[in-house]
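>>> Output the structure for:
(one chain, ligands or ions: 1)
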Amino acid sequence: MMRFNQAFAAGEVALVGAGPGAADLLTLRAVRLMEQAEVVLYDRLVSDEVMALLPAKCRRIDVGKKCGQHSVSQQRIGELLVHYARQGLRVLRLKGGDPAIFARLGEELDALVQAGIAYQLVPGISAASGCAAAAGIPLTERGQAQQLRFISAVDQHSATSQDWADLSAPNQTLVFYMGTAALGEISQQLQQHGLAADWPVLLVQQGCRPQQQIQLTDLQSAAAVAASLSTPCLIIIGQVALRYRQQQARLQLPTALQAKEQAA
Ligand code: SAH
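Okay, the predicted model is just below:
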């Protein structure tokens, strides 16, 4: 029988991916480390379902960020990690999705390295993988999408700094993180740079959570739905999104069968 006892040393920091929401999408390694954690610093994106797996005695510190406004500054997060590690505690830094994707991991590693604190990294299922699976679509497809791009829509000077001509090449899938507010701008730019008005756009709100909502739309209509989106929301743009129809058809199948049975 294989054992999964990931060591978590006293005074060490584990930077762990919490995945997109559902607790059973955590890695076994993440769960083992969570069980040993003595203090946790977590983000707003970490779901309640995942938080519920932490030991009752583990101290919980919310360093969540909302809409780009940091309730706890990145510098302060670094200081807190170092502070608790120096007390000899097992410090868990729990981040939504994958800690290496749009999660300011580099800055936190800098703080740990400068202070000489030992750390380990544990990957998580990023929103792109989680939301694609939830929608029943691939992210790449032979002959159709040979490139997959993860794009942050809220980088400084975002709209102007993107290479829109490059992003408008048809043989790729674009995944925009943090893109709700910029959706109108994104769809406008992509159309101006050559993508068709009916180019597929899939919006996955609260993916892999009980409140999950998925909408298939296109570039010309995307801006209109942007205002009513709940967060977190992931934007997947490209032909692969059309496969969501297959998933919808599959989900409707039981009802269609029932109707047939009732008619018979
Ligand atoms: N490290 C995270 C991303 C952090 S950036 C990861 O790897 O997933 C935050 C953005 O991620 C959100 O604005 C949203 O675009 C996306 N996101 C995270 N979790 C999500 C979820 N459950 N459903 C939809 N989008 C999600």
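>>> Could you use CA atoms for every contact and neighbour count after this?
OK.
>>> Spell out which residues of this structure are next to the ligand.
Residues of the chain lying close to the ligand (C-alpha under 6 Å from any ligand atom) are 20-21, 96-99, 101-103, 126-127, 177-178, 204-208, 232-234.
>>> lowest confidence element among the helices and strands of this structure?
Taking mean pLDDT, DSSP states H and E as the measure, the chain has strand 69-70 as its least confident helix or strand, at a mean of 56.
>>> Sort out for me which of the residues of the chain next to the ligand are in helices.
residue 127 (DSSP state H).
>>> Can you tell me which residue is spatially central in the chain?
Closest residue to the average C-alpha location of the chain: residue 127 at 2.8 Å, with C-alpha atoms, centre = their mean.
>>> tell me the SS of residue 79?
helix (DSSP: H, G, I helix; E, B strand; the rest coil).
>>> so how far is residue 94 from it?
Going from residue 79 to residue 94 by C-alpha to C-alpha, to the nearest Å gives 16 Å.
>>> ditto for residue 239
34 Å.
>>> The two - which one has more neighbours?
Using other C-alpha atoms under 10 Å as the criterion, residue 239 and residue 94 rank with residue 94 on top: 26 against 21.
>>> Just the buried ones among the residues of the chain next to the ligand, please.
Using 16 or more other C-alpha atoms under 10 Å as the burial test, the residues of the chain next to the ligand include 20-21, 96-99, 101-102, 126-127, 177-178, 204-208, 232-234 as buried.
>>> show me the contacts for residue 153.
Residue 153 makes contact with 159, 176, 177, 178, 179, 182 under the criterion C-alpha atoms under 8 Å, 6 or more residues apart in numbering.
>>> Backbone dihedrals for it, please?
Note on residue 153: its backbone torsions stand at phi -90, psi 0 [degrees, to the nearest 10].
>>> How about residue 15?
The phi/psi pair for residue 15 (degrees, to the nearest 10) is phi -100, psi 110.
>>> just checking, it touches residue 124?
No - judged on C-alpha atoms under 8 Å, residue 15 makes no contact with residue 124 at a distance of 10.1 Å.
>>> Could you count how many residues lie near residue 249?
Residue 249 is flanked by 11 other residues according to other C-alpha under 10 Å.
>>> Relative to the ligand, how far out is residue 88?
Separation of residue 88 from the ligand (C-alpha to the nearest ligand atom, to the nearest Å): 27 Å.
>>> tell me the contacts of the residue nearest to that residue when sequence neighbours are not counted?
Leaving aside its chain neighbours, residue 88 sits nearest to residue 11 (3.9 Å; criterion: C-alpha to C-alpha, 6 or more residues apart in numbering). By C-alpha under 8 Å, 6+ apart, residue 11 lies in contact with 84, 85, 86, 87, 88, 89, 90, 91, 117, 118.
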